[in-house]
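> Sequence plus predicted model, see below.
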Amino acid sequence: MGRRNETEEERAERKAALKASKAAKRDERQGLGDPEKGRKPCSLCSRSRDLLVRCQVDASGTWHMACGKCWMAASGGAVDGSASKPHYRYGGLWKNHHQAKSGRNKVPAAAKATAAGKAPGKSPGRGGKDSSSVSGSDAEDAGELRPGEEPGVGAAGGGAGMQAELLREAAACEAEDKAM
């Protein structure tokens, strides 16, 4: 008997389960896990999506979670709606925070560098600088302001950035529908 008063077979089963659990977590970190994890269905078309818009679309006042394609139909492509869509009301965004930042089923750059035998965080395109410093378009991705940019103005915040993100999501929904 071992330390936990278990037989050798029980110990082997416990160890195997622990290894399987760790392997699943490792795959998830590297972007190889379940691509459907965390996705929610659109309440109008029932397709699973990574980004949904909370909105009211009819006189009933019921809040819906709409994908990009359904949002375009409901709002006319404007966050605040339009005169032709009197019952439309915007209520915010829901994002799947479980999806890989580099896209579904893609391996993050650090994992690729490690697999290739390179040091993560270094890239030859930047003269070997550490990638933890934020500059250029990376500042936009990190939610930081560029020099001379005011809070709430430009791509880092405000309605224009959100509108662009919603339009990209609508285009992604259209492309996915054409692929099916």
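Ah, there it is.
> element containing Arg168?
Assessed by DSSP states H and E, Arg168 sits inside helix 158-179.
> ok, and what's touching that helix?
47, 49, 51, 53, 67-72, 77-80, 93, 152, 154-155 (Cβ atoms under 8 Å, 6 or more residues apart in numbering). Every C-beta, even on glycine, is put in place using the N, C-alpha and C of the backbone.
> If any of those are buried, give me the PyMOL selection for them.
In PyMOL syntax, the buried subset of the contacts of helix 158-179 is picked out as below (16 or more other Cβ atoms under 10 Å):
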select buried, resi 49+51+53+67+68+69+70+71+72+79+155
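> helix/strand/coil for Ala74?
Following DSSP: H, G, I helix; E, B strand; the rest coil, the label given to Ala74 is helix.
> Kindly provide the distance from it to Ala12.
Separation of Ala74 from Ala12 (Cβ to Cβ, to the nearest Å): 56 Å.
> neighbour count winner among those two?
Ala74 (22 against 11; other Cβ atoms under 10 Å).
> Who are the contact partners of that one?
Residues near Ala74 by Cβ under 8 Å, 6+ apart: Leu44, Cys55, Val57, His64, Ala66, Lys85, Tyr88.
> Could you count how many residues lie near the nearest residue to Lys37 once chain neighbours are set aside?
What sits nearest to Lys37 in space, not counting adjacent residues and going by Cβ to Cβ, 6 or more residues apart in numbering, is His98, at 4.8 Å. His98 has 14 neighbours, counted by other Cβ under 10 Å.
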